[in-house]
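**Q** I need the structure of the sequence given here:
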Amino acid sequence: MRSHNTATPSKPNRGFRPELQALRALAVAIVVAYHVRPDLLPGGFVGVDVFFVISGFLITGHLLRERTRTGRINLTEFWANRARRILPASLLVIAAVILAAPLVLPMTSWSQLQHEAIASALYVQNWNLAHDAVDYLASTNEPSALQHFWSLAVEEQFYLAWPLVILAATAVGTHKKQLGGPVLLVITVASLVWSVQQVAHHNASAYFSTFTRLWELALGGLLAWYLPAITRALAGKRGAATLPAKVLGLVGVLVVGVSSIIIKADFPFPGLWALPPTLGAAAIIAAGTTRGKGSLSWVVNARPVQWLGNISYSLYLWHFPVLVLYRAWQPGPLNYADLAVMAAAMFGLAHLSYTYVENPVRAWQPLKIRPRVALASALAATMAVSGLSFTLDNAMGKTEQIWEVNAKTVVDLGIEHYGAQANVPASPQPWATSVAAMAPNPLLVGDDNKWLGSNHKCVVIPDATRTRPCEFGDADADVRVALVGDSHARMIGTPVIRAALERGWNVTTYVHNSCPFSLAWRTIEVEGAIKCSEANQGTLAALLADPPDILVTAAWAGATLADGKGDRPGPINGYANLWRQFTERGTSVLAIVDAPSPKENTVSCVVENYNSPQNCAIAREKALKGHDLVPIAAQQVPGVRVGDLTDHYCDADECGAVIGGVAVYADVNHITETFARTLQPYLGQELDAAYALHQELVRD
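**A** Reported below is the predicted structural model:
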């Protein structure tokens, strides 16, 4: 697609700009430092935002120069140039990670890595991660060696669409020079407003979305559009970089540096907090090349800085795979020797990639003079690397087939012979028989979460303002049960519902992810503060309007609750004061103690130790840390029964990862549906005791 309209903005200056290489060096340095030691540079991720501004500036400048010089933009040639610049090194890294994964990564991560390899090769990794970010269960995925490709995906999508924007911006109205800049300004502001809005609404996908990041690239484009005027203003009558330019550059460096220190991962980002690093980067670019006293030219022109700027793209590509693969190979705290080895690998691979792949392919004449051949070659290479990712599936195939057969063997025993029902309480054993076999297949435990309410959409997302009720059983039953809580109430939902239905009772569920049912209204999760006050108040009002006979409630023991004071009595009173409102109306409360907390790597540990899962057990004391809030709160309220099933998970010393031939944990804190169903008899006993307590409350 070409346009022959010759009306364009003033011709932007071109030529090598050492300050851009230095800015690249700064950006990649703080990103690498953040990933290696986030405790020392908590805001180092803003280096990505700096890269966005640089890319927007350079690409827009290139497009405007071509438009000025030729009166058109050759889209085929532009996209071919981008492919030659970006794809060779990135596809090499993806291929290297795929080949290295079976050697060092646990098998549990291979499926995720395969999906991310394809998403990275196709430059849609940001949308893949955005989907996972809003998928409550997928959000517990471990970081993959290709996770950082999300930012490259945003840039590549920008490269596809931005030339069309520039064509439109230079062809708007009758005064094209005047209207083109405002068009870019509108795009920048609109994307920024959208970003702020999405972050304010706790949209977990906002960090990765192209639409919430577009303004950062567009800011660079806006700078390129107005750069001639900015340069003239800074140069003044003397026509050279003056004090204002030097001050602007120094301020820009200071702002980027301070941003990388004070901005934290839990800040609302990339909303307004992304403005300081992006404006700082824009200030450095606008200042241009400065010299003399008060200038940073002595740093900018230093050979190590320029070299780091040259390899910045390759270093960004290689640093995260090296970090993830090394940590998988050598788990545990990093020492100085580890840091030295990783640094040598990161910089060494980046230098080799830049010298022998990135530069040679970019300058290779057969591709340079034949854009269509370059694009066809890029497509073929992308498909080849995507296809290579399926070797991970093949490597898993034989093991997965064996484990699927084993899982069926366990299930065929009958539910009364595996899981919690196959063991003596307080002495759980890993196997249901003399054969090492478990269900579900430990490679698929993350999918073992389909409870009875799954088909009815009976769980709402964290940010929902209303918790949806779901009803099971006869609406006219003599005994009515309400199951209320977060995803840890959901994970015992099936056995509670089935036990109640066996007794001819009715069950209504109110399940709200990340929202414990408590008067301590705030719940703080890994991704940031989630307010569930409105939803809890609505649930409370609905239940008190027609109180059930039994209220069953459960919550994640790891949730941090507060009632405005943030002290320990807050969450205890938050539970007690809520439960009291029910017991005073004759409703007995069955408060289930949360399942023991597993090790962070329990799922992968079970895969790696299939025949000896006892290696994945966790000390009972550690597994039950923080689980005492429910019993303490229950002591304050007559009419509350504590349902403690801990002895079905743990012996006196340890809590198992595999019990009675069943993998207990689906992820870092949820139990599998298979194991939950084996708890049904014991939850049924708790329901019977809670009903007896209800009858006492009614008589009193």
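**Q** List the contacts of E66.
**A** Residues touching E66, when contacts are defined by C-beta atoms under 8 Å, 6 or more residues apart in numbering, comprise 72-74, 78. Just so you know, the C-beta spots here come from the backbone N, C-alpha and C atoms, and that holds for glycine as well.
**Q** In the protein, which residue is most central in space?
**A** Among the residues of the chain, the smallest C-alpha distance to the mean C-alpha position (C-alpha atoms, centre = their mean) belongs to A133, namely 4.7 Å.
**Q** tell me the SS of that one?
**A** Secondary structure for A133, judged by DSSP: H, G, I helix; E, B strand; the rest coil, is helix.
**Q** Buried residues in the longest helix seen in the chain, which are they?
**A** For the chain, the helix with the greatest residue count under DSSP state H is helix 75-104. Of the residues in helix 75-104, those buried under the neighbour-count criterion (16 or more other C-beta atoms under 10 Å) are 75, 77-98, 100-101.
**Q** So what's the gap between it and the chain middle?
**A** Between the mean C-alpha point of helix 75-104 and the mean C-alpha point of its chain there is a distance of 23 Å (C-alpha atoms, centre = their mean, to the nearest Å).
**Q** the strands in the stretch 601-700 of the chain, which residues?
**A** Applying DSSP state E, counting those that start in this stretch to the stretch 601-700 of the chain gives strands spanning 618-619, 640-643, 654-655, 658-659, 662-663.
**Q** Nearest to R699, out of the ones you listed?
**A** Closest of the strands of the stretch 601-700 of the chain to R699 is strand 640-643, at 16.3 Å (criterion: C-beta to C-beta).
**Q** in its sheet, what does the closest one sit against?
**A** In the sheet containing strand 640-643, its partner strands are strand 588-592 (parallel), by DSSP bridges.
**Q** L92 is in contact with S353, isn't it?
**A** Yes: using C-beta atoms under 8 Å as the test, L92 is close enough to S353 to be in contact (6.5 Å).
**Q** tell me the domain ranges of the protein?
**A** 18-388, 404-699 (automatic domain parsing).
**Q** So what's the model's average confidence on the first one?
**A** Mean pLDDT, computed over domain 18-388, is 89.
**Q** For the stretch 1-150 of the chain, which segments count as helices?
**A** Using DSSP state H, counting those that start in this stretch, the helices of the stretch 1-150 of the chain run over 18-36, 46-70, 75-104, 110-121, 125-134, 149-169.
**Q** can you list those helices in a markdown table and add distance to R580?
**A** Shown next, in a markdown table, are the helices of the stretch 1-150 of the chain (distance: least, C-beta to C-beta, whole Å):
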| stretch | distance to R580 |
| --- | --- |
| helix 18-36 | 47 |
| helix 46-70 | 48 |
| helix 75-104 | 53 |
| helix 110-121 | 45 |
| helix 125-134 | 36 |
| helix 149-169 | 47 |
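**Q** which stretches of the stretch 401-550 of the chain aren't confidently modelled?
**A** For the stretch 401-550 of the chain, residues meeting the criterion pLDDT under 70 lie at 521-531.
**Q** rerun at 90
**A** Where the stretch 401-550 of the chain drops to pLDDT under 90, the residues are 401, 423-428, 433-435, 443-444, 446-447, 449, 453-457, 459-466, 514-515, 518-537.
**Q** hmm, back to that, a markdown table for the domains of the chain, including distance to A395?
**A** A markdown table is the format used below for the domains of the chain (distance: least, C-beta to C-beta, whole Å):
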| stretch | distance to A395 |
| --- | --- |
| domain 18-388 | 5 |
| domain 404-699 | 12 |
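**Q** of all the ones you listed, which lies closest to M396?
**A** Among the domains of the chain, domain 18-388 sits nearest to M396 (C-beta to C-beta), with 5.7 Å.
**Q** show me what contacts S120?
**A** Counted by C-beta under 8 Å, 6+ apart, S120 has contacts 90, 94, 146, 149, 152-153.
**Q** Most widely separated two among these?
**A** Every pair in the contacts of S120 was compared (C-beta to C-beta); the two farthest apart turn out to be I94 and A153, at 12.3 Å.
**Q** N449 touches G493, doesn't it?
**A** No: using C-beta under 8 Å as the test, N449 is too far from G493 to be in contact (10.4 Å).
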